[in-house]
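S.K.: Here you go, sequence then predicted model.
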Amino acid sequence: MWGCALHPEQFYTLSFLGVFVVVGLLFALGPLILAYMLAPYRPGRTKNETYECGLEARGDSWIQFRVQYYVIALAFLIFDLEAVFLFPAAMVLRERFVEQSLSLGLLAAVEIVLFVAILAIGLVYAWAKKLLEWN
């Protein structure tokens, strides 16, 4: 019709992809639609109140927190991500040294050292600014 005919192998691949997308959408949207249709809706004063850890809310919710809480959280994220990225890099580095050429392994080692050095500079900066001290 449009000048492009699918071979049976291409049709099989595309139909498999289409079924995969449809099933994925059903798994994602199905529970949401069922919950919307089956969940009871009975709003009330008690139900609409703020709920925090089982305690009644007191005072204003717009409390200013010290910036140090956020700095510590960001430092934790940075060094947590460092660990997440270093493990796969170490596995690749071992594979490069053992199975492939030494030049690729050396390049990977230099990249890992550079990555750790950048994070170490960030740690030294945070330490010098006394951001890691808790008062």
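M.R.: That came through fine.
S.K.: per-residue pLDDT, the residue nearest the centre of the chain?
M.R.: Taking C-alpha atoms, centre = their mean, the centroid of the chain lies closest to residue 81, which sits 9.7 Å from it. Looking at residue 81, its pLDDT stands at 80.
S.K.: Are we agreed that it is in a helix?
M.R.: Yes - assessed by DSSP: H, G, I helix; E, B strand; the rest coil, residue 81 belongs to a helix.
S.K.: if I look at it, how far off is residue 75?
M.R.: Distance, residue 81 to residue 75, using C-beta to C-beta, to the nearest Å: 11 Å. Placement of C-beta: from N, CA and C, glycine included.
S.K.: Tell me, how many residues neighbour residue 93?
M.R.: Residue 93 has 19 neighbouring residues, counting by other C-beta atoms under 10 Å.
S.K.: Which residue, other than its chain neighbours, is closest to it?
M.R.: Among residues not flanking residue 93 along the chain, residue 108 sits closest, at 4.7 Å (C-beta to C-beta, 6 or more residues apart in numbering).
S.K.: wouldn't the one you found be in contact with residue 92 here?
M.R.: Yes - here residue 108 reaches residue 92: they are 6.0 Å apart, a contact under C-beta atoms under 8 Å.
S.K.: Pick out whichever of these two has more residues nearby.
M.R.: Set residue 108 next to residue 92 and count neighbours by other C-beta under 10 Å: residue 108 wins out with 19 against 15.
S.K.: Please name every helix or strand in contact with the helix-or-strand element of the chain with minimal mean pLDDT.
M.R.: Lowest by mean pLDDT, DSSP states H and E among the helices and strands of the chain is helix 67-99, with a mean of 78. Counting contacts by 3 or more C-beta pairs under 8 Å, 6 or more residues apart in numbering; DSSP states H and E, helix 67-99 packs against helix 102-128.
S.K.: What residues of the helix it packs on count as buried?
M.R.: Neighbour counts over helix 102-128 (16 or more other C-beta atoms under 10 Å) mark 105, 108, 112, 119, 126 as buried.
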